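Chemist: here is a sequence with its predicted model. Questions after.
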Amino acid sequence: MPHIQQLESHVADLIAAGEVVERPASVVKELVENAVDAGSSAVVVEIRRGGMGMIRVTDNGCGIAPEELPTAFLRHATSKLRTEEDLGKIGTLGFRGEALAAISAVSRVDILTRQTGTTEGAALHLEGGVPGAVEPAGAPEGTTITVRDLFYNTPARLKFMRKDSAETAAVNGLMQHLALSHPDISFKFIKDGVEALLTPGDGKLDSAVYAALGRDFARGLVPVSGSGGDITVSGFVTAPLMGRGSRSMQVFFVNGRFIKSQLLTAALEEGYRNQIMKGKFPGCVLSVTLPVTAVDVNVHPAKTQVKFAREHDVFDAVYHTVLDALGKTGAPAAAPAQE
Ligand code: ADP
Ligand code: MG
């Protein structure tokens, strides 16, 4: 057997980066989450060739201080988490301090930023995670990050990338979810020079649903709103007669975070029991909010899964809210509500 040795740090960084940055959509997700956490009211995402050509995210959030710019790209560097106790009550989308380090490790990055209330911005270029010098630069308030040549230094990952069209579709779907989870933020998505999404950011979920998912989908929706204890559930579900062939239009948010959850899917579908044809699935845009201490988001690097402290309560809140809303539609196919 060869000797056991600790990996060189840049090799370890590449391995860690692979967990966070799987494909262009993961880059977009992390950069937009940062823009949301920065308190932005408008976010523009631009990609070329499915993100393999370029990814650019521009926000009008709080910006980053020039002297902290290189630190932001170090592993485990974050402004969102300080202590062990903080891990139990995460209220931001980010907290791992990994994204900028991971993205910059496998690409060429340019960042331009100006902090709110300051007069001079700063720019920084990084290649494979290695930063150049921070330069003073004119910039609007907020941050613009441009990512080029993704995976240029990880040929194994590059080789397994799918077609640009598949990557574009993945980013498109992600942008819909991000826009729906933050109706108070205006999102613009431009792919290969063409505007593909624009939400008004007026704070209304129905405006965001209309803009992101289209008129036809929006028309068949039933509003839902309810709560169980400190858990609130709101959003829209499809009318029972509008059942769909797959679960792809089931969109769930927990505290503003798009997640995948078998528990929420099961609760939703239980609400439709006896009301929807066999082999058909309800669609939804459902937002669940609960105290940050009642949900653990530190489950997976991509942060698309959560653990609920009180699974039964969450299930019941969603189930009853859906059942209530469907009962009120008076749909002819509706069976009497049953406990
Ligand atoms: P995390 O989001 O988990 O804290 P990141 O690596 O994504 O880790 O970002 C590191 C830090 O850089 C953040 O904690 C934040 O302080 C700062 N930052 C990143 N993106 C932005 C942005 N768009 N606007 C303002 N600050 C940002
Ligand atoms: Mg982040």
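Modeler: Ah, there it is. Numbers count the residues shown, from 1 in each chain. Ligands and ions are numbered 1, 2, ... in the order given.
Chemist: make it CA atoms for all contacts and neighbour counts henceforth
Modeler: OK.
Chemist: I'd say residue 202 and residue 184 touch.
Modeler: Yes. Here residue 202 reaches residue 184: they are 5.4 Å apart, a contact under Cα atoms under 8 Å.
Chemist: element containing the residue nearest to residue 44 when sequence neighbours are not counted?
Modeler: Counting by Cα to Cα, 6 or more residues apart in numbering, the nearest residue to residue 44 once its immediate chain neighbours are dropped is residue 188, at 4.7 Å. Element membership for residue 188, per DSSP states H and E: strand 186-191.
Chemist: how near is residue 122 to residue 69?
Modeler: From residue 122 across to residue 69, the span is 8 Å (Cα to Cα, to the nearest Å).
Chemist: and for these two, which residues touch both?
Modeler: Shared contacts of residue 122 and residue 69 (Cα atoms under 8 Å, 6 or more residues apart in numbering): residue 134.
Chemist: C-alpha coordinates for the helix or strand hosting residue 312, PDB please?
Modeler: Here residue 312 is covered by helix 311-329, with elements defined by DSSP H and E. Presented in PDB, the C-alpha positions along helix 311-329 are these (Å, rounded to 0.1, in the frame of the first residue of the first chain):
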ATOM      1  CA  GLU A 311     -42.800  16.200  11.000                       C
ATOM      2  CA  HIS A 312     -46.300  15.300  12.000                       C
ATOM      3  CA  ASP A 313     -47.200  18.900  12.700                       C
ATOM      4  CA  VAL A 314     -45.900  20.000   9.300                       C
ATOM      5  CA  PHE A 315     -47.700  17.200   7.600                       C
ATOM      6  CA  ASP A 316     -51.000  18.100   9.300                       C
ATOM      7  CA  ALA A 317     -50.700  21.800   8.600                       C
ATOM      8  CA  VAL A 318     -50.100  21.200   4.900                       C
ATOM      9  CA  TYR A 319     -52.700  18.500   4.700                       C
ATOM     10  CA  HIS A 320     -55.500  20.400   6.400                       C
ATOM     11  CA  THR A 321     -54.700  23.700   4.600                       C
ATOM     12  CA  VAL A 322     -55.000  21.900   1.200                       C
ATOM     13  CA  LEU A 323     -58.100  20.000   2.200                       C
ATOM     14  CA  ASP A 324     -59.800  23.200   3.400                       C
ATOM     15  CA  ALA A 325     -59.000  25.000   0.200                       C
ATOM     16  CA  LEU A 326     -60.200  22.200  -2.000                       C
ATOM     17  CA  GLY A 327     -63.400  22.000   0.000                       C
ATOM     18  CA  LYS A 328     -64.100  25.600  -0.600                       C
ATOM     19  CA  THR A 329     -63.800  25.300  -4.400                       C
END
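Chemist: could you number the chain from 23 rather than 1 from now on?
Modeler: Will do, 23 is the new start, and the previous item becomes helix 333-351.
Chemist: on the three-state scheme, the residue in the stretch 123-272 of the chain positioned nearest to ligand 2 is what?
Modeler: At 9.7 Å from ligand 2, residue 123 is the closest residue in the stretch 123-272 of the chain, using Cα to the ion. Following DSSP: H, G, I helix; E, B strand; the rest coil, we place residue 123 in the helix state.
Chemist: that one reaches residue 96, doesn't it?
Modeler: Yes. Proximity of residue 123 to residue 96 meets the contact threshold set by Cα under 8 Å, at 5.3 Å.
Chemist: who has more neighbours, the two?
Modeler: Neighbour totals were compared for residue 123 and residue 96, and residue 123 leads with 25 against 20 (other Cα atoms under 10 Å).
Chemist: and the helices in the stretch 23-172 of the chain?
Modeler: Along the stretch 23-172 of the chain, counting by DSSP state H, counting those that start in this stretch, helices occupy 31-42, 46-59, 91-94, 121-127.
Chemist: alright, that wraps it up for me.
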